[in-house]
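>>> Got a sequence here, can you model it:
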Amino acid sequence: LGLAKTLIVIMAGCIANNFVLEIIVSTKANAWADKGAGPLLTLLQFSLIVVANLPAVISCGGRGRSTGTGAAADAAPPRMLCRVGGCGWRRTHIPFIHYAAQTVLFFAMSYLNNVAFYFNISQPLHMVVRSANLVTTYVIGYAMFKRRYSLAQLGCVVALTLGAAAATFAEAFVGDTAKAAASAAGCASCANGVGGADATAQAAGAAAAAVANATTNTNTNNSGGGEYMFMWYIGVGLLILVLVLQTFLGNYQNIMGERYGRAPEEAMFYMHLLSVPAFLFTLGDLRTHAALWSASPATSEVVAAWLEGGGTAPAHPLLANLVAAAAAPLARLPIMWTYAALNVVTQYCCIVGVYNLTPVADPLTVNVVLTVRKLLSLVLSIVAFNNTFTSAHWAGAVMVFGGALVYGVVPGAASPPPQPKKDDDAVEDATAADSATTTGTARFGAGGDAAAKPRGGRQPAPDAAAGAGGKPSRPRLPQADKRIKQM
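I've put the predicted structure just below:
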C-alpha cells in the first residue's frame, strides 16, 4: 500500500471500528446494546487475526512469505519445524517460550481493555485514558528499565497526566457517568439533562454524593448511585492496569527484538493463537452473550426501520439503496452479529493500516497520524452519540492529545559522552571487530541466534554467514521503526 492508501485504511478502519464498538456497547444508539460484549468480541477479533496471519508461519511449495522485516529475512531458506506433504511449519525467529510469556501480558491487556465497558466506562473516557499510555511508559521505563528522558519529554508526560486526570474527574462529576449515577440515586431530571443550569448543579451534587457513598461505603438513600460509581471506579482502575500491562509488553517486545530481530506477522499470529485457549475459562459467559446477540432482530428489519426514518428524517434514496444493497448478504443475520462482524473486520483493517504505515513513514508521522485518528474518533463519538463532553472534558482531551503530539517532536535525553578507553580495551575491541567481520560470530556467543554487532562499530560483511563452528548462523533481522500497538 502507498502512503495515501495506508492513511485512508487507517482513518476509515480505526475510526469505523470505534464507531461500531460504541454501537455495540452503548444503549444510546442501540436498544440491544451489550455492555458485556467485550470477551466475545475479543475472541472473534483474535480468531480472524490468527487465520489472516497463517501464511506467516506456513510455507507451501517453496519458501512462502517472509515473516521478517527487511532483506535479512530472505537471506536463507526458512527453517521448518515440521513438514506434511509440500507444506511446512516455520520455526519461530524468537524462542517460543518468549511468545508464551508475551501472550500472558497481551491476553490480559486485550481482555481487560474490552471488559472495561461493563464497568460503566464511556467510549470518550476510554479513548482519552488509553491515549495517555505515555505516562506509564515514562514512569515504568525510568524506574525499571533505566531509560532516560529529557525535561521536554517530562513536560509532555506531566501534561498527559493532568489531562487524563481532568477528563476523568469531569466524567465523574459532570459527564454521562455523573448523570447515570444521579439517575440511580433518584434524580431523573439530572439524568435527562433538563432544567438547564439547575439540573447540571443537581447532577453534580448527586454525583458527588454518589462518589462519597462509593468511597465510604455507607448505607444511605444514594446507595444506587454509590454502586454505579463503585463499578465506575473499577473500570477506571482496569484502564490504568491496561496501560501498565501495555508498557511491560512493549518493553518486553523491544528487548526480544534487539536480541533476535523482529517478525511482526509471526508475533501477531502466535500471541493471538496462544490467547484463544484462555477463553475456555469464560465459556459460560461467551454462551450467554452469544445467545443475547442471536435474540436481536434480523439485520433486514433494523435497516428497514432506519431507512423509513426511525424517528429521524427519511434517508436519501441513493443512500437508502446503498445501505439496502450492503445489508442484503446479512439480511437474516441478527443485527448484533452484523455489528460484531463489522467490528472485527474494521479492527483488522486498522491493524493492517498501522502495520503498513511504519515502513513508509517516519516515527513522527506515525505519531501524528495515530493521534489525529484518536481525536477524530473522539469527536465522532461525541457528535454521533450525543455524549456529554464539557469544557473540562475538552481541556483534559487537549492536554492528552497535545502532549502525545508534542512528545514526538521534542528531543530526547542526550546520550552520555563516550568514556576514554585504555589501550588494552581498544586493542581488544579492534580484534573483536575484525574477528566478527570475517567470521560472522554471533553477538551472544558462537552458534547464537543474533547476528554479529561488534563493539568497535564496524558492521559484518553482507556475505558473512558462517559461525565460529563453521555452521551457518541465522541472519539478524533489522529492527522496525515502530512497534504495532493495540488500537
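>>> Please count neighbours and contacts with C-alpha atoms only from this point.
Fine.
>>> three-state assignment of Trp32?
coil (DSSP: H, G, I helix; E, B strand; the rest coil).
>>> burial of it, as a residue count?
18 (other C-alpha atoms under 10 Å).
>>> cool, and Thr247?
Using other C-alpha under 10 Å, Thr247 has 22 neighbouring residues.
>>> How about Ala100?
Neighbour count for Ala100, taken as other C-alpha under 10 Å: 15.
>>> hang on, it in a strand?
No: looking at Ala100 with three-state DSSP, it is helix, so not inside a strand.
>>> Leaving out sequence neighbours, find the closest residue to Leu380.
Phe19 (7.6 Å; C-alpha to C-alpha, 6 or more residues apart in numbering).
>>> what's the distance between the one you found and Ile351?
From Phe19 across to Ile351, the span is 16 Å (C-alpha to C-alpha, to the nearest Å).
>>> Poorly predicted segments of the stretch 1-150 of the chain, please.
1, 61-86 (pLDDT under 70).
>>> ranges for the helices of it?
For the stretch 1-150 of the chain, applying DSSP state H, counting those that start in this stretch gives helices covering 3-25, 38-52, 96-115, 123-130, 133-144.
>>> for these, which one sits closest to Glu301?
The closest of the helices of the stretch 1-150 of the chain to Glu301 is helix 3-25. By C-alpha to C-alpha, the value is 16.7 Å.
>>> Check which helices and strands the closest one sits against.
Counting contacts by 3 or more C-alpha pairs under 8 Å, 6 or more residues apart in numbering; DSSP states H and E, helix 3-25 packs against helix 335-360, helix 363-384.
>>> pLDDT on the first one, on average?
Spelled out, it's helix 335-360. Across helix 335-360, pLDDT averages out at 89.
>>> sorry, back to before: how close does the residue nearest to Leu380 get to Ala100?
In terms of C-alpha to C-alpha, Phe19 sits 32 Å off from Ala100.
>>> now the helices of the stretch 1-150 of the chain as CSV including distance to Ala267?
Below are the helices of the stretch 1-150 of the chain laid out as CSV (distance: least, C-alpha to C-alpha, whole Å):
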stretch, distance to Ala267
helix 3-25, 21
helix 38-52, 10
helix 96-115, 7
helix 123-130, 22
helix 133-144, 21
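>>> Not counting residues beside it along the chain, what's closest to Asn18?
For Asn18, ignoring the flanking residues on the chain, the nearest one in space by C-alpha to C-alpha, 6+ apart is Ser377 at 6.7 Å.
>>> In contact with that neighbour, which residues are there?
Residues near Ser377 by C-alpha atoms under 8 Å, 6 or more residues apart in numbering: Ile15, Asn18, Phe19.
>>> Which of the residues you listed ranks first by neighbour count?
Ile15 (24 neighbours).
>>> these two touch, right, it and Arg373?
Yes: taking C-alpha atoms under 8 Å as the definition, Ile15 is a contact partner of Arg373 at 6.9 Å.
>>> Any stretches of the stretch 301-450 of the chain with poor pLDDT?
Looking at the stretch 301-450 of the chain by pLDDT under 70, you get 309-324, 326-327, 414-450.
>>> ok, 90 please
301-333, 351-372, 375, 382-390, 392, 403-450 (pLDDT under 90).
>>> Kindly report the same for the stretch 151-300 of the chain.
Scanning the stretch 151-300 of the chain residue by residue, the ranges that satisfy pLDDT under 90 are 153, 168-229, 250, 253-254, 257-258, 260-268, 299-300.
>>> Please enumerate the helices of it.
So, for the stretch 151-300 of the chain - with DSSP H, counting those that start in this stretch - the helices run 151-173, 176-184, 188-192, 196-216, 223-260, 264-275, 283-294, 299-307.
>>> any chance of those in CSV, plus distance to Met109?
Listed next are the helices of the stretch 151-300 of the chain as CSV, based on distance: least, C-alpha to C-alpha, whole Å:
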stretch, distance to Met109
helix 151-173, 19
helix 176-184, 24
helix 188-192, 32
helix 196-216, 26
helix 223-260, 5
helix 264-275, 11
helix 283-294, 18
helix 299-307, 32
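>>> And those helices: which comes nearest Val345?
Closest approach to Val345 among the helices of the stretch 151-300 of the chain (C-alpha to C-alpha): helix 264-275, 15.6 Å.
>>> contact partners of that closest one?
Contacts for helix 264-275 (C-alpha under 8 Å, 6+ apart): 46-47, 49-50, 53-54, 56-57, 67-69, 92, 99-100, 102-104, 106-107, 484.
>>> The same query, at a cut-off of 6 Å, please.
Under the contact criterion C-alpha atoms under 6 Å, 6 or more residues apart in numbering, helix 264-275 has outside partners Phe46, Val50, Asn53, Ala56, Thr67, Thr103, Phe107.
>>> between those residues, which is closest to Trp306?
Phe46 (31.0 Å).
>>> Ignoring the adjacent residues along the chain, who's closest to the closest one?
Per C-alpha to C-alpha, 6+ apart, closest to Phe46 is His272, 5.4 Å.
>>> What is the neighbour count of that neighbour?
By other C-alpha under 10 Å, the residues close to His272 number 23.
>>> how near is it to Thr92?
15 Å.
>>> and what of Phe279?
Phe279 is 24 Å from Thr92, where distance means C-alpha to C-alpha.
>>> Against Trp89, how distant is Tyr111?
Computed as C-alpha to C-alpha, the Tyr111 to Trp89 distance reads 29 Å.
>>> Adding distance to Ala178, write the contacts of Ser377 out as CSV.
Output for the contacts of Ser377, formatted as CSV (distance: C-alpha to C-alpha, whole Å):
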residue, distance to Ala178
Ile15, 26
Asn18, 23
Phe19, 23
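>>> just the CA coordinates of stretch 371-383, formatted as CSV?
C-alpha atoms of stretch 371-383 as CSV (Å, rounded to 0.1, in the frame of the first residue of the first chain):
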residue,chain,number,x,y,z
THR,A,371,-3.0,11.0,17.4
VAL,A,372,-5.3,12.7,14.8
ARG,A,373,-7.1,9.4,14.3
LYS,A,374,-7.9,9.1,18.0
LEU,A,375,-9.0,12.8,18.1
LEU,A,376,-11.3,12.3,15.2
SER,A,377,-12.8,9.1,16.8
LEU,A,378,-13.4,11.1,19.9
VAL,A,379,-15.2,13.9,18.0
LEU,A,380,-17.3,11.4,16.1
SER,A,381,-18.3,9.7,19.4
ILE,A,382,-19.4,13.0,20.9
VAL,A,383,-21.4,14.1,17.9
